[in-house]
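>>> no sequence on this one, just coordinates:
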Ligand SMILES: Cc1cc2nc3c(=O)[nH]c(=O)nc-3n(C[C@H](O)[C@H](O)[C@H](O)COP(=O)(O)OP(=O)(O)OC[C@H]3O[C@@H](n4cnc5c(N)ncnc54)[C@H](O)[C@@H]3O)c2cc1C
Ligand SMILES: NC(=O)C1=CN([C@@H]2O[C@H](COP(=O)(O)OP(=O)(O)OC[C@H]3O[C@@H](n4cnc5c(N)ncnc54)[C@H](OP(=O)(O)O)[C@@H]3O)[C@@H](O)[C@H]2O)C=CC1
Ligand SMILES: O=C(O)C(=O)Cc1c[nH]c2ccccc12
């Protein structure tokens, strides 16, 4: 059994940022990652045309700024390079191919015992840590809803995390389910690639642009949330028109209020709304049933599709392997307490990257966790 002061699980932005902050205080730590690289979500589970929706000043990780010539909204590949440079410049060497299978607290040893499968060598390893930081992400596993008849679907269906680009969908009838950020952008990409594209929108949404979100984030520093929401909703109506005319139900509660209270992100338009207005992308209501190639919708209409992309969100998988930590995580593997008090549990258990506030939330969590561990060590 290897003993270490801090074990961090996950080498995404949250795990790397936490390791960087601990290194800054010279606190020994290791990062365990099940994949073979840092930033696996960005490298393996996101589509080619993705770029950051949030401006660069809100996405930098602690202790290393973005290059000064970086564009305001960083393309995916630049962010991937930043993550790799971040790990190498700060001296973070995650142990790859390490899938954490269980973690429990040993009261006698006052340590977390972590059971890890080394998937490269096909053997188990054990670690004992005084502090355990869970940085496995809110977007750990793609969620596909239970749709009656999905098993009978005669075309291809995938989750949005498996979608790369529209090359293989050209000329096909493709249904995108879900009108969040993944869904709206994938629908746009599919349509650009020559697919006959439809998108399901089942509940009210906010559609904004990157620039409007940036303005909102800047205004939030000086104005109350209610006023900022009023301004951004006005601007979005001016810029995109009344989206309810095109089958998209408009959310009435403010976008920043919703983000702060529920974590739900507004959807950013990168061009799909223009295509929805011209009819190039069709908006459909909820899917009721699938039968072979035919899909029945809530409005009573039926249409044939060759492929379905489920852009229906993600779930955290913490509960699959963390035996304890009921004080920190709920049954869905998300923090029990809302931000800012969400990141600290009992017996040296922490989480980073679960504030539902993107990379900005990750940076804040990482700094808080490292400071708290430093304090605990200074008192022991
Ligand atoms: C498509 C997409 C785009 C996004 N774009 C933005 C954006 O523009 N701006 C923004 O602020 N936020 C964005 N986000 C939200 C968020 O910032 C990112 O999801 C970010 O990558 C989260 O970082 P993380 O380290 O918390 O989780 P992840 O990046 O998911 O990293 C978690 C890591 O933990 C590993 N892991 C999981 N379970 C185990 C286990 N049992 N054992 C070992 N390792 C494990 C995973 O393999 C993974 O590498 C986006 C999210 C998605 C899904
Ligand atoms: N470039 C970028 O910066 C990008 C950022 N992201 C971020 O990644 C995270 C995950 O985004 P995303 O993958 O879009 O997931 P989300 O969970 O944000 O969105 C999923 C969407 O699917 C809808 N949905 C769920 N089930 C059904 C169903 N059965 N029928 C119809 N619709 C359904 C949800 O609606 P409801 O909630 O009403 O049930 C929701 O609108 C978010 O934080 C997002 O902001 C994602 C893509 C790109
Ligand atoms: O991409 C996301 O979902 C994020 O959480 C990034 C983000 C942080 N703060 C915001 C405010 C409005 C929209 C997105 C975000």
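Happy to help now that I have it. For clarity, every value in this text was computed on a predicted model and none was experimentally measured. Ligands and ions are numbered 1, 2, ... in the order given.

>>> Quick check: residues of the chain near ligand 3?
Residues of the chain lying close to ligand 3 (CB under 6 Å from any ligand atom) are 53-54, 213, 259, 265-266, 357-358, 360. Every residue, glycine included, has its C-beta placed from N, CA and C.

>>> OK, contacts around the residue in the stretch 1-150 of the chain that ligand 1 sits nearest to?
Closest contact between the stretch 1-150 of the chain and ligand 1, by CB to the nearest ligand atom, is at residue 12 (2.1 Å). Contacts for residue 12 were tallied using CB atoms under 8 Å, 6 or more residues apart in numbering; they are 38-42, 135-137, 353.

>>> Please repeat the previous calculation with a cut-off of 7 Å.
39-41, 135, 137, 353 (CB atoms under 7 Å, 6 or more residues apart in numbering).

>>> the longest strand in this protein is where?
Secondary structure of the chain per DSSP state E: the longest strand is strand 123-134.

>>> those strands in the stretch 151-300 of the chain, which residues are they?
Using DSSP state E, counting those that start in this stretch, the strands of the stretch 151-300 of the chain run over 156-159, 173-177, 196-200, 207-208, 267-268, 281-284, 287-291, 294-297.

>>> To residue 327, which of those lies closest?
Across the strands of the stretch 151-300 of the chain, residue 327 has its closest neighbour in strand 156-159 (31.4 Å, CB to CB).

>>> Show me what the closest one is packed up against.
Under the contact definition 3 or more CB pairs under 7 Å, 6 or more residues apart in numbering; DSSP states H and E, strand 156-159 sits against strand 307-310.

>>> Just checking: what are the partner strands of the strand it packs on?
strand 156-159 (parallel), strand 173-177 (parallel) (DSSP bridges).

>>> looking at these, which is buried most?
strand 173-177 (a mean of 25; mean count of other CB atoms under 10 Å).

>>> So what touches it?
Strand 173-177 is contacted by residues 183, 186-187, 190, 195-200, 287, 295, 304-312 when judged by CB under 7 Å, 6+ apart.

>>> confidence score at the residue in the stretch 101-250 of the chain positioned nearest to ligand 3?
Nearest residue of the stretch 101-250 of the chain to ligand 3 (CB to the nearest ligand atom) works out as residue 213 at 5.1 Å. If you check residue 213, the pLDDT there is 97.

>>> With residue 146 instead?
Here the pLDDT value assigned to residue 146 is 95.

>>> Does it belong to a helix, a strand or coil?
Three-state call for residue 146 (DSSP: H, G, I helix; E, B strand; the rest coil): coil.

>>> Now do the contacts for residue 347.
Applying CB under 7 Å, 6+ apart, the residues near residue 347 are residue 105.

>>> Tell me the spacing between it and residue 324.
The spacing between residue 347 and residue 324, counted by CB to CB, to the nearest Å, is 8 Å.

>>> Likewise for residue 103?
8 Å.

>>> sorry, back to before: list, out of the contacts of residue 12, those positioned next to ligand 1.
Answer for those near ligand 1 (CB under 6 Å from any ligand atom): 40-41, 135, 137, 353.

>>> taking those residues as a set, which two sit the farthest apart in space?
The widest separation within those (CB to CB) is 13.4 Å, between 40 and 353.

>>> Same drill for those two, tell me which one is more crowded.
residue 353 (29 against 18; other CB atoms under 10 Å).

>>> give me phi/psi at the closest residue to the more buried one other than its chain neighbours?
The shortest distance from residue 353 to any non-neighbouring residue, by CB to CB, 6 or more residues apart in numbering, is to residue 14 (2.9 Å). Here the main-chain torsion angles of residue 14 (degrees, to the nearest 10) amount to phi -70, psi -40.
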